[in-house]
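**Q** using only what follows, build the 3D model:
(3 chains)
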Amino acid sequence: MLDKFKSSFREEAEELLGQLESTLLELEDAPSDAELLNAAFRAIHTVKGSAGMFGFDEIARFTHDLENVLDKARAGKIGISRDFIDLTLRGRDHIRALLSAEDALTEELRRTSDELAEECRKLAAGAEGPGPGGEGDDAGPGAQVPEDIGAGGEEPGGSPATRPKTYFIRFRPGPDIFRNGTRVFSLLSDLAELGECTLVPHVHEIPVLAEIDPEKCYTFWEGFLTTEADRNAIRDVFIFVESDSSLTIQDIDETQINDSRNKRLGEILVQYQNVPPEEISRALSAQKRLGEILVEKGIISKDTLDTTLAGQNHAKKIQDKTAEAAGVLSSVRVASGKLDQLVDLVGELVTLQARLSRTSLDLKEVSLAAISEQFERLIAQLRDNTMSIRMLPIGSTFNKFRRVVRDLSTELGKEADLLTEGAETELDKTVIERLNDPLVHIIRNSLDHGIESPKDREAEGKPRKGTILLKAQHSGAYVLISVKDDGAGLNAEAIRAKAVERGIVAPGQELSDAEINQLIFHPGFSTAKTVTKVSGRGVGMDVVKREIDSLGGSVSISTEKGRGTEMTLKIPLTLAIIEGLLVAVGGEYYVVPLSSVDGCIEIPKQDLEKVGERRIIPYRGDLLPFVDLRSYFDIPGQTPDIAQIVIANTQDSRIGFVVDNVIGDYQTVIKPLGRMYKDVTGVSGATILGDGTVALILDVNRLALAVQTESQRRVQAS
Amino acid sequence: MSKKILIVDDSTAIRQSITYILNQEGYETVEAKDGLEAFQMLGGVGKLDLVITDVNMPNMDGITFIRKTRELPAFKFVPILVLTTESQGSKMSEGKEAGATGWIVKPFSADKLLGVVRKVIE
Amino acid sequence: MAKDPAFREVAPVGRLYIDTAAEIRASLLKAFAKPGTVQFRWDSVEDVDLPALQLLYAARKEAARAGREFRFTGIVMDRVASRLVSAGFVPSPPLSGEELESNLAEF
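**A** Residues are numbered from 1 along each chain as shown, chains lettered A, B, ... in the order given. Predicted coordinates:
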């Protein structure tokens, strides 16, 4: 990854070495000039520090000894002699040679490194007098690969399948731990990530508000951690605070902790906290809880009791976890057709349940209502279970995209890497399948329009190779999938010009950046100057948007000129069942997806008539457009005296729907509409209600779009 | 809201690398080429979520920079990470004395850097 | 402003790290300076670290000493809830300030 900056490092090193040469020569004439010596040291130090980062391991290795010599000279332990200057100059020349050799290291170069390093060591050792290598850090750090160096220690799980162990941990932060910006809760979150962790905070030292120093720490923790990570990994969590905190990590015998689940508190206290047994039995004779009595009598402290109880708890958690893990191991493969069938059946059950609960309400039969309620709970569980079976990690499709990027970049003469993140994110199987084409299209677009040619990129000072990041993550009931490139970004002027040319916007119409970006989703839009084989044929982003809309999701763009573009798809976790708001107009029922409902308001009919042609209503300080569903769907009958308006969030604004009645929250199974209805704007599916009637599911985004176009048409006409 | 990180290092290559790695992860970055430039920047930089600074730099070294930064009320508690090479064990404790939150040992990989950054500010 | 004059609310916004500690203490003290119930609102707290939590314990102790009432209210954000869980202050993530108040260890 850092290879991109190799050339940048080389230039910089060349420059530093150039300066170093003249510095050393000046130093020869003015050997007592400390500033010159410092400058020389800094130059070598910087080269050394950077070399290892960019893969120049030989430089890092060799420079270590050279740096040491300069450091000793700074400390006055080595005099600035002709030999000293001579050696450092030769060292400097050798670094240059290594720099230009890069990977093609010859035996001869290596030998020179060794010889020079040896000379440096001799010089340094001479300065120390007898007993060379006083610092003990001569291990040649650069020779190791970067990952192995530093504070990280061993990765948890890096060693082959270690059995989890349980540790007792006591962490008492120093009173001034906050002073250097340490966040104690982050440390504890890190600790919790290592395994199963039960911590008890001890807070009784916190003074009252009037006396507390808000910048001092008064709290400490005791607790238990069961983890596969080793002791070093636990230490590493506290690495930055170890010097000013006290930390105890104690191995606990596994049988001990497992036992303590079943043991009585008394036994544990005798065994681990050294409470005399006779105290326990005396306390037990009183009719109170053992722990409280012992605390009351001052035999154990409250803190000890709390920690012991936490230990019991912890043991219980671990046992449950182990049982759970054993269950996960066995799995069964089934044909996906069977799964689909199961989902269908569950869908039918949900519908039938709705009928049952309605019927029981109508009958006002108490015993039936009770059964219906229980039935409802069971079905909800069955539904959640079934849905979870259908969830698959999205990563299975990621590899396909990698191939797309590889093939396409060759075809286009571009260079790009596809990075992925969140491959483990789970999503409904059907949704994953339907996301495939839109994602391919977006990635193609990124490569075709976003990532520049290697030549252009270099001219822009960017790495030759572009990067496309494909990332999936959970966000509530949605999954966010983003495709981010580090290309040229959207060209707002070009988009606008094209939109004007195509008659999508009027010349001179004022548009915000966000609005301009949205234009690329307009049907028939394409800004490519030539029709490449890949995209730019006009069946572009509008197709993507339509597909995502039909999944109940949305697309958003953010772009920065010269830095790149990011497209984010927001997709509901599952398709089969949605929560909706059931509304009625005349004798017809409609469902508004609950995820897009913002609120409901009432409005007198005459007020609606008053706004007339403007078709705008006030809502929470905004003016919103609305659609009268009665006239939109040509439903006979009259709007009641008090109309209800459901306010829904759309892609980029809000819109109101005038209905007769809002019936309420409704969980519903989506049935696709047949081919015949595929051109009906504003409806995305249907569902069957409890009493058997059909309700149509509103496609909020498309309705909003239809209203917008309509009002623009009216504006232009008037 | 993305988090803002100030990177102080006299090596452009190191600065660029760190910037690149952090930007990839969605962090916003600002750069300074030495302690003095960084310190002068503090007035107008707004709120910072983290400072990553080298130790050996011309004009003003990292340790002095940290010490001076901690004297400013607005940056009294900002997390600060010191870039150091392992041959400078003493620099770690000197950095902590001056008020650093932690350190990153050079050379480091992208994962290593992000690991430490997340440890301190996530 | 609260309608009830005997009702003091402290409703900090954002991430409550060490840099906000002195400020939070000051507003709690101000709230306690007048009579009535003091309420801490969690709605806009995006993240929390130990200093702020210590202050809430300190405030609870202050209230107990003066025979006053100190309550939590509002929605607790996921991030805040999970911090408190991993630091052992609550056994499971609380949704509301009220829930947090009744489950917070030793509170």
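**Q** just the C-alphas of the longest helix belonging to chain C, formatted as CSV.
**A** Counting by DSSP state H, the longest helix found in chain C is helix C:50-66. The C-alpha coordinates for helix C:50-66 follow below in CSV (Å, rounded to 0.1, in the frame of the first residue of the first chain):
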residue,chain,number,x,y,z
LEU,C,50,-15.0,8.1,32.8
PRO,C,51,-14.6,11.8,33.9
ALA,C,52,-18.2,12.6,33.0
LEU,C,53,-19.5,9.4,34.7
GLN,C,54,-17.6,10.2,37.8
LEU,C,55,-19.3,13.5,37.9
LEU,C,56,-22.7,11.9,37.8
TYR,C,57,-21.8,9.7,40.8
ALA,C,58,-20.5,12.8,42.5
ALA,C,59,-23.7,14.6,41.8
ARG,C,60,-25.7,11.6,43.1
LYS,C,61,-23.7,11.8,46.3
GLU,C,62,-24.2,15.5,46.5
ALA,C,63,-28.0,15.0,46.1
ALA,C,64,-28.1,12.3,48.8
ARG,C,65,-26.2,14.6,51.2
ALA,C,66,-28.5,17.5,50.6
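**Q** any idea how far the next helix or strand after it is from the middle of the chain?
**A** Using DSSP states H and E, the next helix or strand after helix C:50-66 towards the C-terminus is strand C:70-73. The chain centre lies 7 Å from the centre of strand C:70-73; the measure is C-alpha atoms, centre = their mean, to the nearest Å.
**Q** okay, and A:R713 sits in which element?
**A** Counting by DSSP H and E, A:R713 is part of helix A:700-717.
**Q** same question but for A:L225, I mixed them up
**A** With elements taken from DSSP H and E, the one containing A:L225 is strand A:220-227.
**Q** what sits up against that strand?
**A** The contact list for strand A:220-227 (C-beta atoms under 8 Å, 6 or more residues apart in numbering or on different chains) reads A:156, A:164-173, A:188, A:191, A:194-202, A:205, A:233-234, A:252, A:257, A:303, A:306-307, A:310-311, A:314, A:318, C:87-88. For glycine as for every other residue, the C-beta is placed from the backbone atoms N, C-alpha and C.
**Q** so which of those residues are in helices?
**A** A:L188, A:L191, A:A233, A:I234, A:I257, A:D303, A:D306, A:T307, A:A310, A:G311, A:H314, A:I318.
**Q** these into JSON lines, with extra columns for neighbour count and distance to chain B?
**A** Below are the ones in helices among the contacts of strand A:220-227 laid out as JSON lines (neighbours: other C-beta atoms under 10 Å in any protein chain shown; distance: C-beta to the nearest C-beta, whole Å):
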{"residue": "A:L188", "neighbour count": "25", "distance to chain B": "12"}
{"residue": "A:L191", "neighbour count": "22", "distance to chain B": "11"}
{"residue": "A:A233", "neighbour count": "19", "distance to chain B": "12"}
{"residue": "A:I234", "neighbour count": "21", "distance to chain B": "14"}
{"residue": "A:I257", "neighbour count": "21", "distance to chain B": "28"}
{"residue": "A:D303", "neighbour count": "16", "distance to chain B": "28"}
{"residue": "A:D306", "neighbour count": "20", "distance to chain B": "28"}
{"residue": "A:T307", "neighbour count": "23", "distance to chain B": "26"}
{"residue": "A:A310", "neighbour count": "18", "distance to chain B": "25"}
{"residue": "A:G311", "neighbour count": "24", "distance to chain B": "27"}
{"residue": "A:H314", "neighbour count": "25", "distance to chain B": "24"}
{"residue": "A:I318", "neighbour count": "21", "distance to chain B": "26"}
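**Q** near chain B, which residues of chain C?
**A** C:Y17, C:I18, C:D19 (C-beta under 8 Å from any C-beta of the partner chain).
**Q** pretty sure the second one is touching A:E215, no?
**A** Yes - in this structure, C:I18 sits in contact with A:E215. The criterion is C-beta atoms under 8 Å, and the distance is 6.4 Å.
**Q** quick check: neighbours shared by these two?
**A** In contact with both C:I18 and A:E215: A:F178, C:P51, using C-beta under 8 Å, 6+ apart.
**Q** more neighbours, the two?
**A** C:I18 (25 against 19; other C-beta atoms under 10 Å in any protein chain shown).
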